[in-house]
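> Here is a sequence together with a model predicted from it:
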Amino acid sequence: MSINYSERIPNNVDLATDRALQRALEHWQPKFLDWWQEMGPSDFAQADVYLRTAVGVDAQGWASYGAVKMPDYRWGIFLADPVVDRTIGFGDHLGEPVWQQVPGEFRSQFRRIIVTQGDTEPASVEQQHLLGRTCPSLYDLRNLFQVNVEEGRHLWAMVYLLHAYFGRDGREEAEELLTRHSGDVDKPRILGTFNEPISDWLSFFMFTYFTDRDGKFQLKSLAESAFDPLSRTCRFMLTEEAHHMFVGETGVGRIVKRTLEVMKQIGSDDPQAVRAQGAIDLPTIQRYMNFWFTSSLDLFGSEVSSNAASSFATGIKGRPDESQYADHVCTEAVYELETPQGRESVSLRNAMNEVMRASYIKDCEIGVKRWNMQIQRAGYEFRLALPSPRFRRSIGAWANVPTNVQGSAISNEEHAHSLPAWLPSAEDRSFIRSLMQCVVEPGKIAGWIAPPDRGINNLPVEYEYVRLR
Ligand SMILES: [Fe+2]
Ligand SMILES: [Fe+2]
């Protein structure tokens with residue numbers, strides 16, 4: 001199915017055949033653009049950015065590259081092609097045909113899940129609002145903007161579902177998605193991590209590595225949904241999401257690379273000596289990792305959740321890559337949990353959040369292993385490590401339980417005393433901020449990060465990915 005770009009809202013959902021829906025979305029569009037103007041990337045509205053835009057949802061069409069001014073980006077509604085005769089893959093309705101409409105009895109549950117997912121998309125754009133001012137290179141600036149426009153499109157994806165399938169309630173929710181703002185005291189974004197400021201590029205790379213990866217797992221579980229339009233929407237979003245995590249993984253990897261170069265040059269791994277050369281010492285990278293990883297873990301919710309059980313039972317939300325499991329009904333199976341009170345057996349359906357979190361953690365480990373390989377090859381003993389999922393949790397069985405980074409219980413006093421050393425301190429943050437200088441000369445790069453191995457779409461690294469006016 002190709003995408004019609006002659007319409008005001010590019011789409012592959014035959015929007016023109018549903019006049020009421022088209023009008024409602026065209027009514028929302030200027031509000032979105034106002035929001036983008038105010039809350040989206042600052043300063044670069046006049047710049048030509050080398051961005052990819054989807055012109056089709058297949059392998060050839062989804063990434064067509066060209067110079068675009070961000071306010072002119074064609075945000076549209078794109079669903080992955082339908083799977084012929086698709087049936088429900090899990091839960092009480094296993095094997096039945098998927099739904100093209102939302103069953104009345106599941107309406108509010110579906111709406112809540114779509115709104116919660118939708119809320120994270122503009123939230124991240126708001127969090128990254130000022131980052132362009134301190135970009136380490138034009139290549140990185142372009143990647144930031146690519147992520148931003150795609151998060152904007154993900155908002156469109158959720159708003160389309162709200163408008164098309166949830167009537168007046170859905171339209172109201174779509175408005176609300178533009179009125180909550182990241183970090184706003186009165187109307188914050190729904191989920192905690194999306195209210196944390198991202199005021200430097202180390203945080204940005206941690207966010208795209210850890211928090212966009214939460215997005216990947218949420219989208220994977222919604223791609224399993226019995227509600228087919230939601231499934232198709234999320235399948236297409238996943239193709240875009242991969243780049244966001246690539247930005248995070250290579251971003252952190254390039255910082256580590258630069259740090260190792262400096263350590264070699266000065267013949268020391270002393271953090272102060274590394275910092276004196278304008279690079280980021282490895283322990284600071286570890287502390288930023290501790291912060292963003294633990295914050296992202298909370299996004300999966302409580303270990304034991306009747307909501308998660310009911311979403312699985314009804315077919316709303318499956319497990320990421322549901323086909324990897326043998327049992328898709330899970331009424332008999334149990335899951336062994338480690339709680340502060342000891343081992344606990346719970347019904348697998350009630351532990352679906354924990355199942356998701358466990359696959360997320362496994363996925364997080366892959367990049368950490370790569371970063372550690374770099375450190376090992378450079379001949380240093382230091383290793384980065386994900387903290388225990390019990391550490392610094394705010395949600396679930398381990399919420400507010402004092403543990404060390406390895407997850408062992410410690411006293412409140414010891415916790416209060418040690419915590420500052422495990423998380424970015426005010427001094428760390430001000431040091432990182434001091435490194436953030438805008439580098440926008442083609443081919444130049446800031447001193448705290450190594451250049452990328454290759455450019456975008458086979459172009460050279462030095463290519464002028466953003467043309468400033
Ligand atoms: Fe997204
Ligand atoms: Fe993303």
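Noted; the coordinates are in hand. Here the structure is a predicted model, which is why all the values come from computation and not from measurement. Ligands and ions are numbered 1, 2, ... in the order given.
> Would you state the strands of the stretch 301-450 of the chain in chain order?
334-339, 342-347 (DSSP state E, counting those that start in this stretch).
> right, so those strands: which one is the most enclosed?
When the strands of the stretch 301-450 of the chain are scored by mean count of other Cβ atoms under 10 Å, the highest mean neighbour count falls to strand 334-339 (a mean of 15). C-beta here means a position set from N, CA and C on the backbone, and glycine is covered the same way.
> What helices and strands are in contact with that strand?
strand 342-347, helix 352-377 (3 or more Cβ pairs under 8 Å, 6 or more residues apart in numbering; DSSP states H and E).
> what does the stretch 101-250 of the chain have sitting close to ligand 1?
When proximity is defined as Cβ under 5 Å from the ion, the stretch 101-250 of the chain approaches ligand 1 at 121, 151, 154.
> Buried only: go through those residues for me.
121, 151, 154 (16 or more other Cβ atoms under 10 Å).
> Am I right that Leu219 is in contact with Leu238?
Yes. Between Leu219 and Leu238 there is a contact at 5.1 Å, judged by Cβ atoms under 8 Å.
> Compare the two and say which is more crowded by neighbours.
Comparing Leu219 with Leu238 by other Cβ atoms under 10 Å, the one with more neighbours is Leu219, at 21 against 16.
> any idea whether that one is helix, strand or coil?
Secondary structure, DSSP: H, G, I helix; E, B strand; the rest coil: Leu219 is helix.
> ok, it to Gly447 distance?
Using Cβ to Cβ, to the nearest Å, Leu219 is found at 36 Å from Gly447.
> between the helices and strands packed on strand 334-339, which gets nearest to ligand 1?
helix 352-377 (15.4 Å; Cβ to the ion).
> Looking at the stretch 251-400 of the chain, which residue is nearest ligand 2?
For the stretch 251-400 of the chain, Cβ to the ion, closest residue to ligand 2: Ser296, 12.3 Å.
> so which strand or helix has that residue?
Of the helices and strands defined by DSSP states H and E, Ser296 is found in helix 282-297.
> Count the neighbours of the residue of the stretch 251-400 of the chain closest to ligand 2 for me.
By the criterion of other Cβ under 10 Å, Ser296 has 25 neighbours.
> Tell me the helices and strands packed up against the host helix or strand of Pro30.
Using DSSP H and E, Pro30 sits within helix 19-39. Under the contact definition 3+ Cβ pairs under 8 Å, 6+ apart, helix 19-39 sits against helix 107-127, helix 138-165, helix 167-176.
> List phi and psi for the residue of the stretch 251-400 of the chain found nearest ligand 1.
Nearest residue of the stretch 251-400 of the chain to ligand 1 (Cβ to the ion) works out as Leu299 at 12.9 Å. The phi/psi pair for Leu299 (degrees, to the nearest 10) reads phi -60, psi -20.
> Next one, pLDDT for the nearest residue to Ser296 once chain neighbours are set aside please.
The shortest distance from Ser296 to any non-neighbouring residue, by Cβ to Cβ, 6 or more residues apart in numbering, is to Phe210 (4.4 Å). pLDDT, Phe210: 98.
> Can you verify my assumption that Phe210 contacts Gly248?
Yes. Assessed by Cβ under 8 Å, Phe210 is found in contact with Gly248 at 7.3 Å.
> which one of those two has more residues nearby?
Using other Cβ under 10 Å as the criterion, Phe210 and Gly248 rank with Phe210 on top: 27 against 24.
> Enumerate every residue touching that one.
For Phe210, the contact set (Cβ atoms under 8 Å, 6 or more residues apart in numbering) comprises 248, 289, 292-293, 295-296, 364.
> Save the residues you listed as JSON lines, and put in pLDDT and distance to Leu162 too.
Shown next, in JSON lines, are the contacts of Phe210 (pLDDT from 0 to 100; distance: Cβ to Cβ, whole Å):
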{"residue": "Gly248", "pLDDT": "98", "distance to Leu162": "28"}
{"residue": "Met289", "pLDDT": "98", "distance to Leu162": "35"}
{"residue": "Trp292", "pLDDT": "98", "distance to Leu162": "29"}
{"residue": "Phe293", "pLDDT": "98", "distance to Leu162": "31"}
{"residue": "Ser295", "pLDDT": "97", "distance to Leu162": "27"}
{"residue": "Ser296", "pLDDT": "97", "distance to Leu162": "25"}
{"residue": "Cys364", "pLDDT": "98", "distance to Leu162": "31"}
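> OK, contacts around the residue of the stretch 101-250 of the chain found nearest ligand 1?
At 3.7 Å from ligand 1, His154 is the closest residue in the stretch 101-250 of the chain, using Cβ to the ion. By Cβ under 8 Å, 6+ apart, His154 lies in contact with 118, 121, 237, 240.
> now that we have the residues you listed, which one has the most neighbours?
In terms of neighbours by other Cβ under 10 Å, the contacts of His154 top out with Met237 at 26 neighbours.
> helix or strand for that one, which one?
Element membership for Met237, per DSSP H and E: helix 228-266.
> Going by contacts, tell me the helices and strands next to that helix.
Helix 228-266 packs on helix 138-165, helix 201-206, helix 212-223, helix 271-276, helix 282-297, helix 352-377, going by 3+ Cβ pairs under 8 Å, 6+ apart.
> is the first one anywhere near ligand 2?
Spelled out, that is helix 138-165. No. Applying Cβ under 5 Å from the ion, one finds helix 138-165 separated from ligand 2 by no less than 5.6 Å.
> Please enumerate residues in contact with stretch 396-407?
Residues contacting stretch 396-407 (Cβ under 8 Å, 6+ apart): 290, 298, 301-304, 337, 339-340, 353, 385, 387-391, 393-394, 409-412, 414-415, 418, 422.
> what's the first-to-last distance across it?
End-to-end distance for stretch 396-407, by Cα to Cα, to the nearest Å: 14 Å.
> and that stretch, which residues are buried?
Applying 16+ other Cβ under 10 Å to stretch 396-407 flags 396-398, 401-405 as buried.
> got the contact list for the residue nearest to the spatial centre of the chain?
With distances taken as Cα atoms, centre = their mean, the residue of the chain nearest its centroid is Asp212 (1.6 Å). Contacts for Asp212 (Cβ under 8 Å, 6+ apart) come out as 124, 147, 241, 244-245, 248.
> again, but for Ala223
Residues near Ala223 by Cβ under 8 Å, 6+ apart: 231, 234-235, 238.
> Any chance of JSON lines for those residues, columns pLDDT?
Output for these, formatted as JSON lines (pLDDT from 0 to 100):
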{"residue": "Ser231", "pLDDT": "98"}
{"residue": "Cys234", "pLDDT": "97"}
{"residue": "Arg235", "pLDDT": "96"}
{"residue": "Leu238", "pLDDT": "95"}
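> coming back round to it: of the buried ones among the residues of the stretch 101-250 of the chain next to ligand 1, closest to ligand 2?
Of those, the one sitting nearest to ligand 2 (Cβ to the ion) turns out to be Glu151, at 5.6 Å.
> List the contacts of the closest one.
121-122, 124-125.
> and the protein, which residues reach ligand 2?
Proximity of the chain to ligand 2 (Cβ under 5 Å from the ion) is limited to residues 212, 215, 241, 244.
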